[in-house]
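S.K.: Take a look and give me a structure for this.
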Amino acid sequence: MIAYLIKFISIFFVCLFKFIGGPVLGAAAGYNLLEIVTVTVGGMMTSVIGMTYLGDWFKSHWNLRLTQNRKKFTPKTRRIVRVWKKFGPIGIAVLTPVILTPIGGTIVLNAFNVDKKKIFFYMLLSALFWAFILGFSIHWLLNIPFFDYLLR
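M.R.: Next up, the predicted model:
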């Protein structure tokens, strides 16, 4: 039981920073689909909730200026603004697990002043969707005899 909890907490900790780690490490640990979804969504949502409230605290208590003449529009920020204009907060939330990190997606949504409840809701739906898709895909791939033979 202790070994199971240590594995679960380790995978949970990885999911705080990188979403894809949950399905990959969960499958490697021998978890079923429900356990993979639970640990992955739990880790991502803990990160989203923490960064949402931590972002508000930083905005109100700190005036961070790292450089004097920082460029406002870089190729990365232009892509983010393009996705924002085309799809809004739902698009950012959907892309967060596969392209951004949970922290990065939350920071982008906070930067565009999206309501907290909407951030939590959109990120939860996105996390559930991608956790099921990625978890099921990995289980399906591991059940193919060729990959099973390679992993032995």
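S.K.: Please identify the buried residues of the longest helix along the chain?
M.R.: In the chain, ranked by residue count with DSSP state H as the criterion, the top helix is helix 33-61. Judged by neighbour count (16 or more other C-beta atoms under 10 Å), helix 33-61 contains these buried residues: 33, 35-45, 47-48, 51-52, 55. The C-beta positions use only the backbone N, C-alpha and C, and glycine is treated the same way.
S.K.: How about stretch 88-105?
M.R.: Neighbour-count burial for stretch 88-105 flags 89, 91-97, 100-105 (criterion: 16+ other C-beta under 10 Å).
S.K.: which SSE is Lys98 in?
M.R.: Rather than Lys, residue 98 is Val. Counting by DSSP states H and E, Val98 is held by no secondary-structure element, helix or strand.
S.K.: what about the helix or strand where Lys85 lies, distance to the chain center?
M.R.: Taking DSSP H and E as the definition, Lys85 sits inside helix 75-95. For helix 75-95, the separation from the chain centroid amounts to 15 Å (computed by C-alpha atoms, centre = their mean, to the nearest Å).
S.K.: Packing partners of the very next helix or strand once past it?
M.R.: The element immediately downstream of helix 75-95 (helix or strand, assigned by DSSP H and E) is helix 102-111. For helix 102-111, the helices and strands in contact under the criterion 3 or more C-beta pairs under 8 Å, 6 or more residues apart in numbering; DSSP states H and E are helix 2-17, helix 33-61, helix 75-95, helix 116-142.
S.K.: And the ones you listed: which comes nearest Leu150?
M.R.: In terms of C-beta to C-beta, the element of the helices and strands packed on helix 102-111 nearest to Leu150 is helix 116-142, at 10.0 Å.
S.K.: quick one: buried residues of the closest one?
M.R.: Neighbour-count burial for helix 116-142, with 16+ other C-beta under 10 Å as criterion, is recorded at 119-120, 122-123, 126-127, 130-132, 134-135, 138-139.
S.K.: So which elements touch the helix or strand just after that helix?
M.R.: Going down the chain from helix 116-142, the next helix or strand is helix 145-151, by DSSP H and E. Judged by 3+ C-beta pairs under 8 Å, 6+ apart, helix 145-151 is in contact with helix 116-142.
S.K.: I'd like the distance from the helix it packs on to the chain centre, please.
M.R.: Per C-alpha atoms, centre = their mean, the displacement of helix 116-142 from the mean C-alpha position of its chain is 9 Å.
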